[in-house]
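Engineer: curious how this folds, go ahead:
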Amino acid sequence: MATALHAQIEQLEDLKASLSSAAPAPPTARPDNIPAADVADFERMIHATLEAWHVPGDNHVIYDPTSAELSVDGQPRKSRGRGMRSILHAAFAVSLARRNTARDLIHPGFVVLDTPVLTYRRPEDPHEERPELMTYDVVENFYRDLLDNPPGQVIVIENPTPPASIRGRAAVHAFSVDGSVRKGFFPPRDRQ
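Structural biologist: Numbering: from 1, shown residues only. This next block holds a predicted model:
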């Protein structure tokens, strides 16, 4: 009986060794496999969005698929002031939605932007941590472009009220203020 047990143990050890050597090693890094033409097309789409919003500069966009980060006019997004970072993040999300819906690629059909222009500061504002030259009409052109060329449904969660020229064309809901119809983004439980 002991011999049979030893033989079975040897068989199991051989099986274990063959299984561990047959399993492929996981890749050390995920290759992005995004064709260069697609990256260039996406960069052009972001450039067009920034131009439509009248963001100052040449708006030469470079997208790094490995880090999923933008550089605009040779400056990485993360090194910009918070207002410009917000605008560039919004441009990224809107451009991705536009590109995917225009090419019938996967996209949920809506974009949610949380305070994309709240941190915008005019150049002379001393409270901006890193002031950058911005035109005065970036906010208005941001909203106008989203209304004229929507990438699907766009939900902008913002503290300031949109410009007067936009309010008549967009559904604007004020939440949690005196006299508002709704107290929050989601309807109250008793209305469901």
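Engineer: from the chain's centre, how far out does the lowest-mean-pLDDT helix or strand in the chain sit?
Structural biologist: Here the helix or strand of the chain ranked lowest by mean pLDDT, DSSP states H and E is helix 2-22, holding a mean of 73. Averaging C-alpha positions (CA atoms, centre = their mean, to the nearest Å) puts helix 2-22 52 Å from its chain's average.
Engineer: after it, which helix or strand is next?
Structural biologist: For helix 2-22, the succeeding helix or strand toward the C-terminus, using DSSP states H and E, is helix 36-52.
Engineer: export that following helix to PDB, keeping only CA atoms.
Structural biologist: What follows is helix 36-52, C-alpha atoms only, in PDB (Å, rounded to 0.1, in the frame of the first residue of the first chain):
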ATOM      1  CA  ALA A  36      -1.000  55.800 -34.800                       C
ATOM      2  CA  ALA A  37      -3.600  57.100 -37.200                       C
ATOM      3  CA  ASP A  38      -6.300  56.700 -34.500                       C
ATOM      4  CA  VAL A  39      -4.200  58.700 -32.000                       C
ATOM      5  CA  ALA A  40      -3.600  61.400 -34.600                       C
ATOM      6  CA  ASP A  41      -7.300  61.600 -35.400                       C
ATOM      7  CA  PHE A  42      -8.100  61.900 -31.700                       C
ATOM      8  CA  GLU A  43      -5.600  64.600 -31.300                       C
ATOM      9  CA  ARG A  44      -7.200  66.500 -34.100                       C
ATOM     10  CA  MET A  45     -10.600  66.100 -32.500                       C
ATOM     11  CA  ILE A  46      -9.300  67.500 -29.200                       C
ATOM     12  CA  HIS A  47      -7.700  70.400 -31.100                       C
ATOM     13  CA  ALA A  48     -10.900  71.200 -32.900                       C
ATOM     14  CA  THR A  49     -12.800  71.200 -29.600                       C
ATOM     15  CA  LEU A  50     -10.300  73.600 -27.900                       C
ATOM     16  CA  GLU A  51     -10.500  75.900 -30.900                       C
ATOM     17  CA  ALA A  52     -14.300  75.900 -30.800                       C
END
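Engineer: would you map the helices across this protein?
Structural biologist: Taking DSSP state H as the test, the helices found in the chain are 2-22, 36-52, 82-102, 138-148, 164-167.
Engineer: save these as TSV, and put in distance to His173 and mean neighbour count too.
Structural biologist: No exception for glycine: its C-beta is placed from N, CA and C like everyone else's. Shown next, in TSV, are these (distance: least, CB to CB, whole Å; neighbours: other CB atoms under 10 Å):
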stretch	distance to His173	mean neighbour count
helix 2-22	58	9
helix 36-52	25	17
helix 82-102	19	20
helix 138-148	15	19
helix 164-167	11	12
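Engineer: can you list these in TSV and add distance to Glu158?
Structural biologist: Conversion of the helices of the chain to TSV gives the following (distance: least, CB to CB, whole Å):
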stretch	distance to Glu158
helix 2-22	55
helix 36-52	18
helix 82-102	11
helix 138-148	9
helix 164-167	11
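Engineer: between these, which one is closest to Ile62.
Structural biologist: Nearest to Ile62 among the helices of the chain is helix 36-52 (6.5 Å), distances taken as CB to CB.
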